[in-house]
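Undergrad: With the sequence up front, the predicted model follows.
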Amino acid sequence: LRFTLIIAFFSVLLGLFLGILTSIIRDYYRETKKLKFLSKICDAYVYVIRGTPTILQLMILYYVVFKSSTLSPIIVGILAFGINSGAYVSEIFRAGFEGIDKGQREASKTLGLNYIRTMRYVIFPQALAKIFPALGNEIITLVKETSIAGYIGIVELIKAADIISSRTYDYFFPLVVSAIVYLLLTFILSKVMAYGEKRLNHGV
């Protein structure tokens with residue numbers, strides 16, 4: 001459980017960072033036609049990550065990219081899950097940015113606000129409120145996806161259940177306990193995200 005929580009927590013942070021950065025670069029290019037090269041890199045990143053399985057990305061990072069490295073499997077797992085989540089978070093934010101009425105951007109320009117200030121004070125807060133449920137679903141999905149970390153030797157919940165089952169020949173109890181733990185984690189996350197959504201919608 002400890003490894004599951006560590007990987008999930010830092011993967012969420014990395015995914016949010018990459019997703020927000022990527023979505024802003026793509027939106028900036030769409031609005032100003034600047035940073036075209038960076039925008040194309042972001043497009044390719046999102047396309048490749050969304051088009052390949054998470055487990056494949058995890059194994060490529062561990063067995064190919066960091067094959068000769070002494071990097072901890074936990075860090076590799078965080079990188080893999082964070083990079084994967086970033087692509088989906090980017091698409092969620094992109095949809096949120098594009099869902100804001102264009103008149104608000106035009107009004108911001110009329111008031112003399114540059115792109116950064118417009119994004120910070122006008123677009124981003126509204127987009128966040130709109131996409132919060134989808135963002136919550138992505139975070140919950142990411143937590144559950146950490147269950148494949150055992151493929152690179154990390155003893156997370158599912159791997160631990162598998163080890164116990166192979167020693168005791170009892171698959172029912174370890175797997176059911178793992179399922180209950182995941183249910184509790186997702187329940188807690190759902191409540192936290194619902195509370196955050198309520199606060200955002202009330203403008204608190």
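TA: Now that the structure is in, tell me what you want to look at. Numbering: from 1, shown residues only.
Undergrad: so what's the residue nearest the centre of the chain up against?
TA: Nearest residue to the geometric centre of the chain (CA atoms, centre = their mean): Ser85, 3.1 Å. Counting by CB atoms under 8 Å, 6 or more residues apart in numbering, Ser85 touches Ser11, Val12, Leu14, Gly15, Leu16, Leu18, Gly19, Glu138, Leu142. Yep, even glycine has a C-beta here, placed from its N, CA and C like the rest.
Undergrad: and it, what helix or strand is that in?
TA: helix 73-98 (DSSP states H and E).
Undergrad: Name the residues of that helix that are buried.
TA: Using 16 or more other CB atoms under 10 Å as the test for burial, helix 73-98 gives 73-74, 76-94, 96-97.
Undergrad: roughly how far is that helix from the heart of the chain?
TA: Computed by CA atoms, centre = their mean, to the nearest Å, the chain-centroid distance of helix 73-98 equals 4 Å.
Undergrad: Name the next helix or strand downstream of that helix, please.
TA: helix 102-110.
Undergrad: residues contacting Leu185?
TA: Taking CB under 8 Å, 6+ apart, we find Leu185 in contact with Thr4, Val143.
Undergrad: Read off the pLDDT value for it.
TA: You'll see Leu185 listed with a pLDDT of 89.
Undergrad: which secondary structure element contains it?
TA: Per DSSP H and E: helix 172-201 holds Leu185.
Undergrad: ok now that helix, how far from the chain's centre?
TA: So, by CA atoms, centre = their mean, the centroid of helix 172-201 is 16 Å from its chain's centroid.
Undergrad: Flag the shaky bits of the protein, pLDDT-wise.
TA: Scanning the chain with the threshold set as pLDDT under 70 gives 202-204.
Undergrad: cutoff 80 now
TA: Applying pLDDT under 80 to the chain picks out residues 153, 155, 197, 199-204.
Undergrad: helix, strand or coil for Thr70?
TA: Thr70 carries the three-state label coil when classified by DSSP: H, G, I helix; E, B strand; the rest coil.
Undergrad: Angles on the backbone of it, please.
TA: Thr70 adopts backbone torsions of phi -100, psi 20, taken as degrees, to the nearest 10.
Undergrad: and what of Leu111?
TA: Backbone torsions for Leu111, taken as degrees, to the nearest 10, come to phi -80, psi 0.
Undergrad: and if you look at Phe66?
TA: Backbone phi and psi, for Phe66 under degrees, to the nearest 10, turn out to be phi -110, psi 30.
Undergrad: residue contacts, it?
TA: For Phe66, the contacting residues are Val76, by CB under 8 Å, 6+ apart.
Undergrad: quick one: it from Arg50, how far?
TA: 22 Å (CB to CB, to the nearest Å).
Undergrad: How about the contacts made by Thr186?
TA: Thr186 sits in contact with Ile140, Val143, Lys144, where contact means CB under 8 Å, 6+ apart.
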